[in-house]
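**Q** model this:
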Amino acid sequence: MKLYSINILKSISIIFVILALVFIVLQPPLASSVSVVKDWKQNLINKGFLSKDTLRHLLDQKSPVELTRKRFAFRVGSKRYVATTTINQSLQEYLDRLFDDATGARSAIVCIDPLSGRVVAMAGFDRYNPLSKVWTQRLIPSASLFKIVTAAGAIEFFSMRPSTVLFFNGGKHTLYKYQLKDKKTPYTSRVTLKEAFSSSINPVFGKLGMKYLKREGLWEMANRFLWQRQIPFELPVSVSPLKIDNDPFHLAEIASGFNRNTRVTALHEALISAGIANGGVIMAPSFIDMVVEKGGEMVYQNTFYPLIRAVNPKTALFLRQMMHETITKGTAKRAFRGWEKDEVLKNLVIGGKTGTIDNSDHSIKYDLFSGFACNKKNGRCLAVGVFVAHEGVLGRRSASYARLAFKKYFEIMQQ
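**A** Just a heads-up that it's a prediction; the model follows:
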């Protein structure tokens with residue numbers, strides 16, 4: 001009986017040894033695991049499936065005009081594909097006509113549904129590089145749009161509110177070291193955070209960055225709003241750069257947008273306001289719904305998903321209030337004058353932030369607008385990011401393009 005038990009144990013041991021050897025022989029080396037994954041992805045592509053990375057590479061070779069159609073075709077070797085986009089053709093054609101008559105070096109507008117991330121229009125031009133995807137490739141100084149980041153940090157990290165009282169010395173749109181001191185004089189001005197935001201008062205935001213948020217707070221909030229992040233999209237998107245050091249005056253420059261090194265694309269501009277309109281959540285943007293191979297087999301279908309929570313819902317609410325003040329009393333008041341009486345715009349809650357700055361030799365004036373409009377009844381929203389690089393005589397301003405886009409889009413939605 002004892003010998004029988006020993007033989008059973010030996011048999012079991014031999015079986016385990018054999019199984020272990022088989023596992024070791026069949027297990028691929030660790031160094032080749034990456035190539036195995038690549039081969040697996042390649043097999044999917046060979047079978048007809050397209051990854052977003054593959055699609056991005058293929059679509060980058062298409063012209064801007066083709067990409068903004070409702071449908072367009074492309075080839076990969078002997079295979080023919082048809083892509084269906086999220087583009088609203090009526091809005092796209094309307095904006096294209098606006099830019100046909102535009103002056104300046106370059107301009108762009110991107111329109112997004114904040115609730116889904118669907119890009120419904122991408123229009124613009126680059127006079128010196130006509131084939132450029134100006135909406136996603138051209139980086140321009142973000143200027144005072146960065147005040148959205150600073151305001152969000154002041155609210156989120158320091159419990160400030162639109163009604164919080166702040167003080168500043170000197171002019172509203174300058175930034176000197178003496179303006180960043182806390183010393184009050186007979187010439188010290190008193191404003192609320194909402195007033196400072198809507199009027200784009202540089203010294204107030206300079207002090208918020210220098211004395212409150214500092215490098216860590218500015219970096220954290222900017223990163224949440226997609227600076228120094230690769231934005232996922234079916235086209236290559238330039239990464240919006242941000243550099244921050246601990247020099248106090250440098251912090252003030254960054255926080256107020258009083259610099260040329262912090263940059264954005266038009267797509268990034270639109271996503272900032274899209275997140276604020278969507279309660280603080282930025283959805284991953286997309287302009288391709290599906291791709292079908294000739295014969296009817298679907299090889300790509302997009303899924304819409306939350307990209308990042310930039311701010312909490314309460315902060316987003318306060319930001320919407322301050323952005324609305326910009327439209328009614330602040331720097332965008334002129335562009336939106338009379339909106340309350342307009343048959344379409346009067347049904348909307350509109351908000352935005354402007355930004356302006358010259359290039360280094362003052363030959364170009366950059367003019368930006370990031371904003372949103374939401375229907376008061378059904379909650380449908382549109383977020384836009386616009387920039388215009390004026391060269392010589394100033395043409396139509398970015399906030400005016402935004403107003404026209406809002407009006408046209410919601411007219412279409414009523415039909």
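
**Q** How about the contacts made by the one residue sitting closest to the centre of the chain?
**A** Geometric centre of the chain, nearest residue: His268, 2.6 Å, by CA atoms, centre = their mean. Contacts for His268 (CB atoms under 8 Å, 6 or more residues apart in numbering) come out as Leu226, Ile231, Val237, Ser240, Gly385. Using the backbone N, CA and C atoms, a C-beta is placed for each residue, glycine as well.

**Q** Next, format those residues as CSV and append pLDDT, distance to Glu293 and neighbour count.
**A** Rendered in CSV, the data for the contacts of His268 read as follows (pLDDT from 0 to 100; distance: CB to CB, whole Å; neighbours: other CB atoms under 10 Å):
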residue, pLDDT, distance to Glu293, neighbour count
Leu226, 98, 33, 23
Ile231, 97, 27, 20
Val237, 98, 26, 22
Ser240, 98, 35, 24
Gly385, 98, 33, 28
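
**Q** Quick check: of those residues, which lies closest to Asp60?
**A** Val237 (10.7 Å; CB to CB).

**Q** my read is that closest one is in a strand, agree?
**A** No: the assignment for Val237, made by DSSP: H, G, I helix; E, B strand; the rest coil, is coil rather than a strand.

**Q** thought it was touching Leu267?
**A** Yes: using CB atoms under 8 Å, Val237 is in contact with Leu267, at 6.0 Å.

**Q** anything in contact with each of these two?
**A** Jointly contacting Val237 and Leu267 under the rule CB under 8 Å, 6+ apart are Thr136, Ile231.

**Q** CA-only coordinates of stretch 81-90 in CSV, if you can.
**A** The C-alpha trace of stretch 81-90 is given here as CSV (Å, rounded to 0.1, in the frame of the first residue of the first chain):
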residue,chain,number,x,y,z
TYR,A,81,-13.3,52.9,-48.1
VAL,A,82,-16.0,55.4,-47.5
ALA,A,83,-16.0,57.5,-44.3
THR,A,84,-19.1,59.1,-42.8
THR,A,85,-18.4,62.2,-40.7
THR,A,86,-20.2,64.0,-37.9
ILE,A,87,-20.0,67.3,-39.9
ASN,A,88,-23.3,69.2,-40.2
GLN,A,89,-23.1,70.1,-43.9
SER,A,90,-25.4,73.1,-43.7
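
**Q** which residues in the stretch 251-400 of the chain form strands?
**A** 263-264, 281-283, 288-293, 298-301, 306-309, 348-358, 364-375, 381-391 (DSSP state E, counting those that start in this stretch).

**Q** Tell me which of the ones you listed sits nearest to Ala121.
**A** Nearest to Ala121, of all these, is strand 381-391, at 8.7 Å by CB to CB.

**Q** Looking at Ala399 now. What's its pLDDT?
**A** On the pLDDT scale, Ala399 is placed at 98.

**Q** Now do the contacts for it.
**A** Shown in contact with Ala399 (CB under 8 Å, 6+ apart): Ala332, Arg334, Ala335, Phe336, Gly352, Thr354, Phe369, Gly371, Val386.

**Q** List the contacts of the residue lying closest to it once chain neighbours are set aside.
**A** Spatially, and ignoring its direct neighbours in sequence, Ala399 is nearest to Ala335 (3.5 Å; CB to CB, 6 or more residues apart in numbering). Contacts for Ala335 (CB under 8 Å, 6+ apart) come out as Phe369, Arg397, Ala399, Ser400, Ala402, Arg403.

**Q** returning to what we had before: quick check: the gap between the residue nearest to the centre of the chain and Asn223.
**A** Per CB to CB, to the nearest Å, His268 is found 13 Å from Asn223.

**Q** Same question for Glu234.
**A** 23 Å.

**Q** neighbours of Asp247, just the number please.
**A** 12 (other CB atoms under 10 Å).

**Q** Mind pulling the model confidence for it?
**A** What the model reports for Asp247 is a pLDDT of 97.

**Q** again with Lys211
**A** 97.

**Q** Then the one 4 residues further on?
**A** What the model reports as pLDDT for Arg215 is 97.

**Q** Show the contacting residues for it.
**A** Counting by CB under 8 Å, 6+ apart, Arg215 touches Ile244, Asp245, Asn246, Leu251.

**Q** Next one: the residue nearest to the third one when sequence neighbours are not counted relative to Leu180, how far apart?
**A** If the residues on either side of it in the chain are set aside, Asn246 comes closest to Arg215, at 5.3 Å by CB to CB, 6+ apart. Here the distance between Arg215 and Leu180 works out to 16 Å (CB to CB).

**Q** coming back round to it: nearest to Tyr187, of the strands of the stretch 251-400 of the chain?
**A** Minimum separation from Tyr187 across the strands of the stretch 251-400 of the chain (CB to CB) falls at strand 348-358, 25.1 Å.

**Q** Can you give me the buried ones in stretch 260-271?
**A** Within stretch 260-271, the residues that qualify as buried are Arg260, Thr262, Arg263, Val264, Thr265, Ala266, Leu267, His268, Glu269, Ala270, Leu271, counting by 16 or more other CB atoms under 10 Å.

**Q** One more: stretch 392-408?
**A** Buried residues in stretch 392-408, defined by neighbour count with 16+ other CB under 10 Å: 396-408.

**Q** which residues of the protein score low on pLDDT?
**A** For the chain, the stretches with pLDDT under 70 are 1-48.

**Q** Comparing Glu234 and Asn223, which residue is more hemmed in?
**A** Neighbours were counted for Glu234 and for Asn223 using other CB under 10 Å; Glu234 has more, 24 against 15.
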